[in-house]
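>>> okay, here's the prediction I keep looking at, along with the sequence it came from:
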Amino acid sequence: MAVDSVEQTSRTAVRASLYPLAILFLIQAVDQMNRFLPAALFPALKRQFALSDFRLGSLSSAFVFVAALGAIPFGILVDRCARTRIAALGDLAASCAMIAGGLAKSFAMLFGAQMFLGAAQASYSPSAFSLIADYYPVSERGRMLAIFQVGAIAGFLGLAPGAFIGEHFGWRAAFHWLAVAGFILSALAWRLPEPARGLQDLQHAQRGAVRTVRESAFARMPSLRAFALVLKIPSVLIPVLAGGLANFFLSGLGTWAITYLVRYHHMSLTRASITTSLLGIGAIAGALSGGVAGDRLVAQGVTAGRYYIAGAANVMASVLLFPTFATANLKVLVVLFGLGAVTLTMPGPQLSAILADVVHPDLRGRTSAATTLVGALSTAAAPVTFGLLSDRFGLRSAFLLLIPLMGLGGALLLILGPRFLSADLEQMHRQLSAIEPGAADSTLEACRSDAPFAHDLGAPAHRPTALGALFHALCLLGVLAALALGVAEARR
């Protein structure tokens, strides 16, 4: 239904409680653990299947490549269907993929399970990005996206327990027990409320006075035309290119950091995982402080403030990480890596907030899909590239050769980004003011004080349906199956 009038300032704009963000955060964390668990278990997988570093790296590359291709159809669906349902179904499928990985009897089966996992997780990035942009006010966007992206860091921290389980109970048990958390979160995601598209942006653009929100022409725009339109926006292309360079290194780092510590600093698998997890403290501080600083600079009138933070952080990361991997002193490595971790995670939330700011709400799913695909061309290549360089020159040399890409990305953000941002923001505001009057109304229960995602949200509530009952039954069966398989593997 349409709402005749909503009179609120941008400070008190209708917003969800933190409950939806908490669920999306946890799913992000578990997804990240699922993605990087094979990397934490590389030594065990290498022994199990007699693999070269190149084939080990191909596991991560296969995941990223399939996830990037899968993001395209899911991005289209996100702009047209209930985003909470897409996220829930994708997480259910990802949990099934983890069980399949734990049951793999050959490298080919494990490789196939990783591809299945990538396809399932492709649904989550477009849906979560679009949901967060519509749950919370524009003035809080950087902070909320920063908190969400900390979930990826939290997932990386969770690799230590996964490595411990793999070392003491078998790598298959680690796969199965991680699937349990995914099934539980799938059920919770199914019950999240679906926010109105674009309400937050309209409230911000019109200083809080919103009369009605209707579906725009962009919602039903042919997909090829929509993707072309999005990629013509300079403030989309620049973050994508710079983010691709940074993500190339980050993907390689996430895949090979534990193996690097085992080889060059003679750590056990568990100790190496704990060491990399401790570095997550700096990464969390970087993401959160960057999100707050970006929102504050923009509020103070520095339109390109998000670009300045992201670009400077990328340059500093390159400066700090080169000596990190050049030194043979473990204490020096930990200190420099901890400082570098702060700068590594600052750019992500800033670039995501820029994309949300300059793209129409009915194009955000496809924007996320397009940026995921373009970024994945570099991200998917990273693990296998690191592996090839490692086989030829050694893993340390691979890191030293590829770290400067971070600095190059930072230079792009600092030099090119601010030139186009103001014009792209103005274009976005014109599009918001040109909503088609004959299109179908969006549901705006968010504007009612008793809506399930208003300020006083305690927990989301949905009327039970046969489809919902079936979905929850599948989640319960998944939990029981994963627990049983994990326990059986641990007893061997």
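That came through, no problem.
>>> apart from its chain neighbours, what residue comes closest to Met115?
Leaving aside its chain neighbours, Met115 sits nearest to Val66 (4.7 Å; criterion: Cβ to Cβ, 6 or more residues apart in numbering). (Each C-beta comes from the backbone N, C-alpha and C, glycine too.)
>>> how many neighbours does Lys331 have?
By other Cβ atoms under 10 Å, 8 other residues sit near Lys331.
>>> tell me which element it is part of?
Assigned by DSSP states H and E, Lys331 falls within helix 330-344.
>>> so what secondary structure elements neighbour the helix or strand just after that helix?
Going down the chain from helix 330-344, the next helix or strand is helix 347-358, by DSSP H and E. Here helix 347-358 is seen to pack against helix 124-135, helix 141-157, helix 234-265, helix 280-299, helix 305-326, helix 364-379, helix 404-415, helix 417-432 when contacts are counted using 3 or more Cβ pairs under 8 Å, 6 or more residues apart in numbering; DSSP states H and E.
>>> any idea of the angle the fifth one forms with helix 234-265?
Just to be clear, that refers to helix 305-326. With axes from the mean of the first three to the mean of the last three Cα atoms, to 10 degrees applied, the angle from helix 305-326 to helix 234-265 works out at 20 degrees.
>>> list the helices and strands helix 305-326 packs on?
For helix 305-326, the packing partners by 3+ Cβ pairs under 8 Å, 6+ apart come out as helix 234-265, helix 280-299, helix 330-344, helix 347-358, helix 395-402, helix 404-415, helix 417-432.
>>> quick one: it to chain centroid distance?
Distance, stretch centre to chain centre, for helix 305-326: 20 Å (Cα atoms, centre = their mean, to the nearest Å).
>>> residue contacts, Val298?
Contacts here follow Cβ atoms under 8 Å, 6 or more residues apart in numbering; on that basis Val298 touches 142, 305-306.
>>> closest to Gly286 among these?
Gly142 (13.2 Å; Cβ to Cβ).
>>> distance check, the closest one against Leu297.
Plainly put, Gly142 is 9 Å away from Leu297 if you go by Cβ to Cβ, to the nearest Å.
>>> how near is the closest residue to Leu26 other than its chain neighbours to Pro349?
What sits nearest to Leu26 in space, not counting adjacent residues and going by Cβ to Cβ, 6+ apart, is Leu185, at 5.6 Å. To Pro349, Leu185 is 22 Å away according to Cβ to Cβ.
>>> neighbour-wise, which of the two wins?
Pro349 (30 against 25).
>>> what's the pLDDT at that one?
Looking at Pro349, its pLDDT is 87.
>>> again, but for Leu413
93.
>>> contacting residues around it?
Residues in contact with Leu413, defined by Cβ under 8 Å, 6+ apart, are 238-239, 242, 307, 310-311, 314, 347.
>>> which of those residues count as buried?
238-239, 242, 307, 310-311, 314, 347 (16 or more other Cβ atoms under 10 Å).
>>> what helices or strands is the helix holding Lys331 leaning on?
helix 234-265, helix 269-278, helix 280-299, helix 305-326.
>>> out of these, flag the one nearest Phe25.
Comparison of the helices and strands packed on helix 330-344 against Phe25 by Cβ to Cβ identifies helix 280-299 as nearest, at 11.7 Å.
>>> just the CA trace of that closest one, in PDB.
The C-alpha coordinates for helix 280-299 follow below in PDB (Å, rounded to 0.1, in the frame of the first residue of the first chain):
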ATOM      1  CA  GLY A 280      41.200  -9.800  12.900                       C
ATOM      2  CA  ILE A 281      41.100  -7.400  15.800                       C
ATOM      3  CA  GLY A 282      42.900  -4.800  13.700                       C
ATOM      4  CA  ALA A 283      40.700  -5.600  10.700                       C
ATOM      5  CA  ILE A 284      37.500  -5.000  12.800                       C
ATOM      6  CA  ALA A 285      38.800  -1.700  14.100                       C
ATOM      7  CA  GLY A 286      39.600  -0.600  10.600                       C
ATOM      8  CA  ALA A 287      36.200  -1.500   9.100                       C
ATOM      9  CA  LEU A 288      34.200   0.100  12.000                       C
ATOM     10  CA  SER A 289      36.400   3.300  12.300                       C
ATOM     11  CA  GLY A 290      36.300   3.700   8.500                       C
ATOM     12  CA  GLY A 291      32.500   3.500   8.400                       C
ATOM     13  CA  VAL A 292      32.100   6.000  11.200                       C
ATOM     14  CA  ALA A 293      34.700   8.400   9.700                       C
ATOM     15  CA  GLY A 294      33.100   8.200   6.300                       C
ATOM     16  CA  ASP A 295      29.600   9.000   7.500                       C
ATOM     17  CA  ARG A 296      31.100  11.900   9.600                       C
ATOM     18  CA  LEU A 297      33.000  13.400   6.700                       C
ATOM     19  CA  VAL A 298      30.000  13.300   4.400                       C
ATOM     20  CA  ALA A 299      27.800  14.800   7.100                       C
END
